[in-house]
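*Asks:* heads up, no residue letters with this:
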DNA sequence: GCTCGTATGTTTGTTGACATTAGGATCGTC
DNA sequence: GACGATCCTAATGTCAACAAACATACGAGC
């Protein structure tokens, strides 16, 4: 429950262009939604490590639900490519390799560049810069604390907010899945959970490029951002990193304790 | 079974870079995969029209399966945004409106432009041009026959092949869903099922731009292609179109007759 | 000593039934 | 005559049990 306060992944209302809704946008979530959210959160937090095989009976008992809804939720994550299923072998969290990392960052580049272009085209620069600056300030503070987990959270949150700014439900949904995969890359390929000292600067470049309203320059900055991140994950040894003091390593199997009621 | 020979949607092996596999890449599909494929096909073919509410008991009986696997398959399509589910209201095919059309084409632009850039970057131009030319020749023949359905099929197949050429599983999966939504747009917003006489020319431009290896020009062509298609769908009345003689209108409810064995 | 076949165990895949809930229709009242 | 409340029906949401299939381990045969 340490970092479940901000919830960057798949908010209840992904686009805020539908502000003219009455009062309640049907807040009650389906049980399958809740289970799928919990599974995503568990993958995101590293509770379910990459490549781990999952017994659905055990998972269902931990979540306090039956196997039926659990299987339905699992099919959603299979569709998202966060889980894999093989006949009679059961479910497993996707395992990350170099090709997968490259593909994830290829998808991220496509989605985030498209979102940036929408932000410039639809004149959403001011609001986007304000939102991203707030996230960036939290990133700076987390970086000063040498809190690797918080830096990673703000990194994910930054890119989710960047795409959400475009107001496109499809782009937002795509980036949510891709960011969970990114986080999974971090857990499985960057185990030291190092804090890169230049991460705030790298994101400040993006904010500045958006504020400058120069589309080619912005796209170049975003592309370079992605290429460097992908290269950093595929080339594990790095020098200009700072190891985190208490990195909150992937806990073995935190029981998910699904409330299903609140 | 008229147009199930080409199967542009989600082939069994989306990337052919894994050619070095032993002999059998585990061809057997899961039952949920089969059901999900049938549902996608039904939406793609217009058997399940946009906005139609679906009773899962009736669907399960038509497919010859129980409600459990059907519900699991439906959750996959919900994740793909092809179906929607509301509590105690059941499933429904997504309904298309102008905002959705715009979002679909925004996503398509992002994915297809990214795929084009990969094709140029990884020097896949020759093979891609050959593949697309074959599809384009079929499109030309279908256009000469005034076969609106076949033209639409080759259109979808063209763009799927374009993205598949990049060899990215994520881009291919994304475009598959977006193309089904595109087809749904055609069914719900362009009911006349008109054959645009200039459609082959429009796609020839894309092939030529790929062959020219000029990235900015190629991206501009693709973007214009998408913008015109989106504009055409949102502005229903058009003049330079040719109505199809026997347009094979959306059949009311062709029983899906799932074999599950072949 | 190695390999193949068999038996067992654990898992998934599927099915049917039960409970819950929302929608609609009917009846009563104002 | 119209509005509202209540009952009924039909659908979904959930769960437990059955069966099939794969993987593993053990033993026999070469």
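*Replies:* Nice, I can see it. Predicted model, so just to flag it, every value in this text is computed and none were measured.

*Asks:* in the helix or strand containing residue A:179, what's buried?
*Replies:* Assessed by DSSP states H and E, residue A:179 sits inside helix A:169-189. Using 16 or more other C-beta atoms under 10 Å in any protein chain shown as the test for burial, helix A:169-189 gives A:169-189. Any C-beta I mention is one placed from the backbone N, CA and C, and that applies to glycine too.

*Asks:* Check stretch A:129-140 too.
*Replies:* Buried residues in stretch A:129-140, counted by 16+ other C-beta under 10 Å: A:129, A:131, A:132, A:135, A:136, A:138, A:139, A:140.

*Asks:* ok, now stretch A:93-111?
*Replies:* Buried, per 16+ other C-beta under 10 Å, within stretch A:93-111: A:93-94, A:96, A:100-101, A:103-111.

*Asks:* how far away is the residue nearest the centre of chain A from chain B?
*Replies:* With distances taken as C-alpha atoms, centre = their mean, chain A has residue A:179 as the residue nearest its mean C-alpha position (3.1 Å). Distance check for residue A:179 against chain B: by C-beta to the nearest C-beta, to the nearest Å, it reads 13 Å.

*Asks:* For the closest residue to residue A:98 other than its chain neighbours, which residues are in contact?
*Replies:* Leaving aside its chain neighbours, residue A:98 sits nearest to residue A:234 (5.0 Å; criterion: C-beta to C-beta, 6 or more residues apart in numbering or on different chains). Neighbour list for residue A:234: A:98, A:101, A:102, A:189 [criterion: C-beta atoms under 8 Å, 6 or more residues apart in numbering or on different chains].

*Asks:* Of those, which one scores lowest on pLDDT?
*Replies:* The lowest pLDDT within the contacts of residue A:234 belongs to residue A:189, with 72.

*Asks:* ranges for the helices of the stretch 101-250 of chain A?
*Replies:* For the stretch 101-250 of chain A, the helices defined by DSSP state H, counting those that start in this stretch cover A:125-144, A:148-164, A:169-189, A:199-212, A:215-234.

*Asks:* Just send the ones you listed back as JSON lines, with distance to DNA strand C too.
*Replies:* JSON lines is the format used below for these (distance: least, C-beta to the nearest atom of the strand, whole Å):
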{"stretch": "helix A:125-144", "distance to DNA strand C": "35"}
{"stretch": "helix A:148-164", "distance to DNA strand C": "29"}
{"stretch": "helix A:169-189", "distance to DNA strand C": "20"}
{"stretch": "helix A:199-212", "distance to DNA strand C": "38"}
{"stretch": "helix A:215-234", "distance to DNA strand C": "30"}
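
*Asks:* and which of the buried residues of stretch A:93-111 is nearest to residue B:153?
*Replies:* residue A:110 (25.4 Å; C-beta to C-beta).

*Asks:* about what we covered before: just curious, which of the buried residues of stretch A:93-111 is nearest to residue B:209?
*Replies:* Nearest to residue B:209, judged by C-beta to C-beta, of those is residue A:110 at 18.2 Å.

*Asks:* I figured that closest one hits residue B:108, correct?
*Replies:* No: at 11.0 Å, residue A:110 and residue B:108 do not qualify as touching, with contact defined as C-beta atoms under 8 Å.

*Asks:* Run through the buried residues of stretch A:93-111 and flag the ones next to chain B.
*Replies:* Of the residues in the buried residues of stretch A:93-111, proximity to chain B by C-beta under 8 Å from any C-beta of the partner chain holds for A:103, A:104, A:106, A:107, A:109, A:110, A:111.

*Asks:* Chain B: which of those is nearest?
*Replies:* Nearest to chain B out of these is residue A:110 (C-beta to the nearest C-beta; 3.4 Å).

*Asks:* Need the nearest residue in space to that closest one, chain neighbours excluded.
*Replies:* residue B:114 (3.4 Å).

*Asks:* wait, isn't the one you found in contact with residue A:105?
*Replies:* No: the pair residue B:114 / residue A:105 is not scored as a contact, 11.1 Å apart, by C-beta under 8 Å.

*Asks:* low pLDDT regions in chain A?
*Replies:* Within chain A, the stretches with pLDDT under 70 are A:1-28, A:190-195, A:236-262.

*Asks:* So which bits of it are right by DNA strand D?
*Replies:* A:30, A:31, A:32, A:65, A:66, A:67, A:68, A:69, A:87, A:88, A:89 (C-beta under 7 Å from any atom of the strand).

*Asks:* List only buried entries from the residues you listed.
*Replies:* Neighbour-count burial (16+ other C-beta under 10 Å) applied to the residues of chain A next to DNA strand D gives A:30, A:31, A:32, A:65, A:69.

*Asks:* Return the distance of the last one relative to chain B.
*Replies:* Counting by C-beta to the nearest C-beta, the gap between residue A:69 and chain B amounts to 9 Å.

*Asks:* do the second one as well
*Replies:* Noted for residue A:31: a distance of 9 Å to chain B, by C-beta to the nearest C-beta.

*Asks:* Quick check: closest non-adjacent residue to the residue of the stretch 151-262 of chain A found nearest chain B.
*Replies:* Here the stretch 151-262 of chain A gets closest to chain B at one residue, residue A:170, 4.3 Å apart by C-beta to the nearest C-beta. Excluding the flanking residues, the one nearest residue A:170 by C-beta to C-beta, 6+ apart is residue B:107, at 4.3 Å.

*Asks:* Show the contacting residues for that neighbour.
*Replies:* So residue B:107 contacts A:114, A:168, A:170, A:171, A:174, B:174, B:178 (C-beta under 8 Å, 6+ apart).
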